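Novice: Could you work out the structure for the sequence below:
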Amino acid sequence: MIKKLIQLIFEKAKLQTENNSPNGQARHISSILSDNFKHPISEKSLIRYLKGEIQPKKDTLDAMSKYLDYKNYEDFIKNNRSNKKNGLYKIILIVLSSVLLVGILYFNINWKQKEVKQEEMYCMEWKEDHYEKIVCDETSLNISYNQNVIENFKKVELDTTMVFFKKGKALYWYDKTGGKIEFFTKGGRHPTNDKVLKPVTQTIIRKYIFGEE
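Specialist: Below you'll find the predicted structure:
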């Protein structure tokens, strides 16, 4: 049964790494046993187990069994005696799950990379009271595209029916240039004069919204 266990862990390593070299498989097994099961074992020892030159100890057999998704070596023996194919089915299922996971991750990474590349093609341009997405060109200001700014940064007209503060924090920002005051829904820089926007204050609201002197 020990020989079968050792053969199965090398078969699993081969499927996971697509490495036909026993040394490469042993390197993978050594890394997994150390990192996942806190059981360091050298590649050389694993190769000697495979060749039948030495026999692994009980704690090593337990760690190898856990690599095959069993609780311990006794669990491995129990399941393989009752159903010799059970362990192989488990390995196939694990490998197929791993392949599926790798495929999903690969697809997700490529999709994200495509999204980033697409976003790099776009810039933003200010249109009256909001930003619009445009294709970057040599004639545009080439403001870096930002979806959050596109959706949430607007110039607005405030009135006395609106809420201006929440828990003591301003909900709007303003800029006053040349006697003209403008209000915005987010902080940052003014879209045309590049001045840093300031959060509204009680004084600003009373004076410019409620008309108090």
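
Novice: Report how many residues lie close to Ile91.
Specialist: Using other Cβ atoms under 10 Å, the number of residues around Ile91 comes to 18. To be clear about C-beta, it is placed using only N, CA and C from the backbone, and glycine gets the same treatment.

Novice: One more: Phe184?
Specialist: When counting by other Cβ under 10 Å, one arrives at 21 neighbours for Phe184.

Novice: Not including adjacent chain positions, what is the nearest residue to it?
Specialist: Once flanking residues are discounted, Phe184 sits nearest to Trp173: 4.8 Å by Cβ to Cβ, 6 or more residues apart in numbering.

Novice: For that neighbour, list each beta-bridge partner.
Specialist: Going by DSSP bridges, Trp173 is paired in beta bridges with Phe184, Pro199.

Novice: tell me the contacts of it?
Specialist: Neighbouring residues of Trp173 by Cβ atoms under 8 Å, 6 or more residues apart in numbering: Phe183, Phe184, Thr185, Lys186, Gly187, Gly188, Leu197, Lys198, Pro199, Val200.

Novice: Just the closest of these to Tyr89, please.
Specialist: Tyr89 lies nearest to Lys186 out of the contacts of Trp173, by Cβ to Cβ, at 56.2 Å.

Novice: Would you mind giving the secondary structure of the closest one?
Specialist: Here Lys186 is recorded as coil under DSSP: H, G, I helix; E, B strand; the rest coil.
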